[in-house]
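Student: Provided below for reference: sequence and predicted model.
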Amino acid sequence: MIDVFVPKMENEGQDVYIVDWFKKVGESISEGDPLLEIMTDKANIEIPSPASGILTARNFEIDDRVTPGAALASIEPA
């Protein structure tokens, strides 16, 4: 299982918000494909999948506030 975390930002300690998920639980994804979009106070950022496989968990929903270091999702490698 591979967890996807909030990436390190310029202003560490800054919470982010989930803007959109591009995949549903159970869908396959390829490494590098956009998985979700997050928003900081300065920009929206697409988070790519770190591996190819099946999305097994989305730990937050759209508009949720997420703290740095939190696991956003889990992928079962293919």
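Tutor: Okay, I see it. Model, not experiment: these values are computed from the prediction.

Student: adjacent strands (with direction) for the helix or strand hosting I47?
Tutor: Per DSSP states H and E: I47 is located in strand 44-48. Using DSSP bridges, the strands paired with strand 44-48 are strand 34-39 (antiparallel).

Student: stretch 3-19 - what's its average pLDDT?
Tutor: If you average the pLDDT over stretch 3-19, you get 81.

Student: ends of that stretch, how far apart?
Tutor: With C-alpha to C-alpha, to the nearest Å as the measure, stretch 3-19 spans 19 Å from end to end.

Student: stretch 32-51 too?
Tutor: This stretch, stretch 32-51, spans 7 Å end to end (C-alpha to C-alpha).

Student: next one: stretch 55-73
Tutor: Stretch 55-73 has an end-to-end distance of 7 Å (criterion: C-alpha to C-alpha).

Student: tell me how far that stretch lies from the chain's centre.
Tutor: Computed by C-alpha atoms, centre = their mean, to the nearest Å, the separation of stretch 55-73 from the middle of its chain amounts to 6 Å.

Student: grab the nearest non-local neighbour of M1.
Tutor: Using C-beta to C-beta, 6 or more residues apart in numbering and skipping the chain neighbours, the partner closest in space to M1 is S74 (5.3 Å). C-betas here are computed from N, CA, C, even on glycine.

Student: G53 is in contact with that neighbour, correct?
Tutor: No. Applying C-beta atoms under 8 Å, one finds S74 not in contact with G53, separated by 9.5 Å.
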